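# fold the following for me, if possible:
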Amino acid sequence: MLTGAAGRPACSGHTDLSWKDTMTTTNSPDGPNALPGDHQLTDQEHKRLSAGAVGLVGVLFMAVANAAPITAMTFNVPIAIGYGNGIGAPGGFLFATIVLTIFAVGYAAMSKYITTTGAFYGFISQGLGQIPGMVSGLLATFCYVIFEASLLGGFAYFAKLYFLDPAGISVSWAAIAILGAIVIGVFGYFKITITAGILSVTLVAEVLLLLALGISVLVKGGPDGFMVAETLSPVAAFTDLPEGAFGTGAAAGVAAIGVFFAFWSWVGFETTAVYGEESKDPKRVVPRATIIAVVGLGVFYTFISWMVVVGNGAAGSVETAAGASPADLFLNLTTANLGAPLTVIYKLLVVIGSFACAMAFQNAAPRYLYALGRESASPFLRRTIGTVHPKHGSPANAGILQAVITVLILLYFAQFVTMTDGDGNPTPDLVPYVYVYGLLAVVGTAVILILQTMTSAAVISFFWVKKVHKGNVITTLICPIIGGLGMVYVLVLLWQNRAFALGAAAESWIWTWAPFYILVMIVIGIVYSLWVKKSHPEIYDEIGRTTLEEAHERV
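Got it, this is the predicted structure:
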């Protein structure tokens, strides 16, 4: 049973709680869940995040903004249709909805008992032990860090393509992306409610425009009817696009690509747990936000991708998606159904949506850095990235570090990555789309799938091996097994079709060396954990175990 540490009684509405008062201790085979505040966290406000800063809506908006609906639809649906499962792409999104919902059930069950800004890091440490926990912390930090750079690459590419170049404004993509990183870093420095408010506005605008487009098709119909069996069935989802489909001259596709890009579209929903320590009533907010985000995105993605196929028709969908301007799959339909002015707004929201998504990852990544820092064996890291801003309650130092890393990543691609067309002419403007956005997103998504697989195992271990709490056989055993197997399946699909998925970036060292540097991070996590266990056993007990346990709702 969990037993709380001694301290002041918790009163309803009282937020001045010390970490020592809210930590728990549990005996487990790999060591106790020590009071993870005994050694570095005190009553000082600058040691903990801003409790009760956001509610269900705020957490939900930040998590869904991570998934960036307009970016996911505009970027991923054309690839799925033109190079994957053709008009069966909506079926791929439906399949992903089912698998991710099953995974989310176990993830949400874990979040009812563990509230930690470390999310994957904390869940896996509690379920599988400190060593896997440390490994997961490093992997999670890595993927969220590169996701921000990835989205800023997309932001810069579309800002130039849709607005700056047509206006005759000549500026490099790197300058746009780096300016975006600096602006995002400034927002992340302040209280989380500022970012949550910005993301709420952009997300609502994205969803409303896409819904308007989808409903317009639902009302008007399409040239080939609604094609339910051809688009939404499981058979369609796993059917390769045939060469010359519908008389278009399209090259043959691989259904696995369509399925993988569908899963890619959800990346970020799991960040609901990252904001647990800053949410009101986290035991209710995080599980609810997780399920709502997964199911809501799934229904939305499936509907929008289906309506886009219907609106363009079978041949039109494949031809446009495999053409030189795949985004026209959405833009042409918007012009035809909603009018040219809304097409301009659509383009603007693609740019803003990419920026907002990068901002959401700037929220998530520093919180992982903070979670690792506050439990570090290094006093310097505890004093720097392991603390929060005394006024704003944000992981400000970790956010500054994240911004610096993002700028360095962008500078690397600007200085050392080049592209040419078929005639050998340089095409620098494609670098932010093909390499920064595409390559980094695929690498990060692969790591997320690994973490989700580990989390499924951690849920089973937490409830059924360690038996820390009594678990429901469906939500904490069957669902994690099915969800974990689903993640492994998608990882296998990605690896088997890696060259096809990455296109021109398939030969980049960033991808070819990915197994190596992921393995290096795993080894570093293991070696560091073993060293801490031997040299600083009291700190080892803290790894991934800093959790917030409160019996009342924060207001």
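# which parts of the stretch 301-450 of the chain are helices?
Per DSSP state H, counting those that start in this stretch, the stretch 301-450 of the chain carries helices over the ranges 314-321, 328-338, 340-374, 379-383, 396-416, 431, 440-460.
# beyond the last one, next helix or strand please.
This points to helix 440-460. Sequence order places helix 473 as the next helix or strand after helix 440-460, per DSSP states H and E.
# so what's the residue nearest to Cys357 when sequence neighbours are not counted up against?
Distances taken as CB to CB, 6 or more residues apart in numbering place Ala68 nearest to Cys357, at 3.5 Å, with adjacent residues excluded. The way it works is simple: take the backbone N, C-alpha and C, and place the C-beta from them, glycine included. With contact set as CB atoms under 8 Å, 6 or more residues apart in numbering, Ala68 has these partners: Leu151, Glu206, Gly268, Gly353, Ser354, Ala356, Cys357, Ala360.
# quick one, phi/psi of Val171?
The phi/psi pair for Val171 (degrees, to the nearest 10) reads phi -150, psi 140.
# distance of it from Asp429?
11 Å (CB to CB, to the nearest Å).
# between those two, which contacts overlap?
Contacts common to Val171 and Asp429, judged by CB under 8 Å, 6+ apart, are Lys160.
# now the strands for the protein?
For the chain, the strands defined by DSSP state E occupy 3-4, 24-25.
# worst average pLDDT in the ones you listed?
Of all the strands of the chain, strand 3-4 carries the lowest average pLDDT, namely a mean of 29.
# low pLDDT regions in the stretch 401-550 of the chain?
422, 547-550 (pLDDT under 70).
# helices along the stretch 451-555 of the chain, start to end?
In the stretch 451-555 of the chain, the helices defined using DSSP H, counting those that start in this stretch lie at 473, 479-496, 498-502, 509-512, 514-535, 537-540.
# next one: the stretch 101-250 of the chain
120-128, 130-159, 173-189, 192-220, 228-232, 234-237.
# in the chain, which helix or strand is least confident?
Ranked by mean pLDDT, DSSP states H and E, the helix or strand of the chain with the weakest confidence is strand 3-4, at a mean of 29.
# got a list of what Asn85 touches?
91-92, 236-241, 253, 255, 257-259.
# apply 6 Å and report the result again.
Neighbouring residues of Asn85 by CB atoms under 6 Å, 6 or more residues apart in numbering: Gly92, Ala237, Thr239, Ala255, Gly258.
# which phi and psi values does it adopt?
Main-chain torsions, Asn85, degrees, to the nearest 10: phi -100, psi 20.
# which one of the helices of the stretch 101-250 of the chain has the lowest average pLDDT?
In terms of average pLDDT, helix 192-220 trails the rest of the helices of the stretch 101-250 of the chain, at a mean of 86.
# tell me what that helix is packed against?
helix 56-67, helix 282-312, helix 340-374 (3 or more CB pairs under 6 Å, 6 or more residues apart in numbering; DSSP states H and E).
# rerun that using 7 Å as the cut-off
helix 56-67, helix 69-83, helix 173-189, helix 282-312, helix 328-338, helix 340-374 (3 or more CB pairs under 7 Å, 6 or more residues apart in numbering; DSSP states H and E).
# so it versus helix 328-338, what angle?
70 degrees (axes from the mean of the first three to the mean of the last three CA atoms, to 10 degrees).
# so helix 192-220 versus helix 340-374, what angle?
Going by the same axes, to 10 degrees, helix 192-220 makes 140 degrees with helix 340-374.
# and the helices of the stretch 101-250 of the chain as TSV, adding mean neighbour count and distance to Tyr489?
Below are the helices of the stretch 101-250 of the chain laid out as TSV (neighbours: other CB atoms under 10 Å; distance: least, CB to CB, whole Å):
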stretch	mean neighbour count	distance to Tyr489
helix 120-128	29	20
helix 130-159	27	19
helix 173-189	20	34
helix 192-220	18	28
helix 228-232	18	20
helix 234-237	18	13
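# so which of these comes closest to Leu331?
helix 192-220 (10.2 Å; CB to CB).
# could you give the angle of the closest one to helix 56-67?
Using the same axes, to 10 degrees, helix 192-220 lies at 70 degrees relative to helix 56-67.
# mind checking how far Ile539 is from Leu381?
Taken as CB to CB, the span from Ile539 to Leu381 is 11 Å.
# try Met359
Applying CB to CB, the value for Met359 to Leu381 is 25 Å.
# which one of the two has more residues nearby?
Met359 (26 against 18; other CB atoms under 10 Å).
# separation between that one and Phe190?
Distance of Met359 to Phe190, computed by CB to CB: 12 Å.
# and if you look at Val207?
25 Å.
# now do the residue nearest in space to the middle of the chain against Cys143, distance only.
When CA atoms, centre = their mean is applied to the chain, the residue found nearest the centroid is Gly268 (2.1 Å). To Cys143, Gly268 is 11 Å away according to CB to CB.
# what do you get for Leu430?
24 Å.
# what's the residue lying closest to Ala181 once chain neighbours are set aside in contact with, if anything?
Once flanking residues are discounted, Ala181 sits nearest to Thr406: 4.6 Å by CB to CB, 6+ apart. Residues in contact with Thr406, defined by CB atoms under 7 Å, 6 or more residues apart in numbering, are Glu148, Ala149, Leu152, Ala181.
# tell me how far the closest residue to Phe238 other than its chain neighbours lies from Phe355.
Nearest residue to Phe238, sequence neighbours excluded (CB to CB, 6+ apart): Ala255, at 5.0 Å. Distance, Ala255 to Phe355, by CB to CB: 32 Å.
# so which of these two has more stuff around it?
Shown here are Ala255 and Phe355; by other CB under 10 Å, Phe355 has more neighbours (26 against 23).
# the more buried one: what's its closest spatial neighbour, skipping adjacent residues?
Phe155 is the one closest to Phe355 (CB to CB, 6+ apart), at 4.7 Å.
# what is the neighbour count of Lys534?
Close neighbours of Lys534, defined as other CB under 10 Å, add up to 9.
# distance check, Ala458 against Val57.
According to CB to CB, Ala458 stands 28 Å off from Val57.
# what about the two, which has more around it?
Ala458 (31 against 12).
# who's in contact with Gly154?
Applying CB under 7 Å, 6+ apart, the residues contacting Gly154 are Thr71, Ser354, Tyr433, Tyr437.
# my bad, should have said Gly544
Contacts of Gly544 by CB under 7 Å, 6+ apart are Gly118, Tyr121, Gly122, Ile124, Ser125, Gln126, Gln130, Gly133, Gly137.
# nearest spatial neighbour of it, skipping sequence neighbours?
Ser125 (2.3 Å).
# do Gln452 as well
Using CB to CB, 6+ apart and skipping the chain neighbours, the partner closest in space to Gln452 is Met487 (4.8 Å).
# surely that neighbour touches Leu451?
No. Applying CB atoms under 7 Å as the test, Met487 and Leu451 come out as separate, 8.9 Å apart.
# isn't Thr384 right up against Ala398?
No. Using CB under 7 Å, Thr384 is not in contact with Ala398; the gap is 8.3 Å.
# now the common contact residues for these two.
Gly373.
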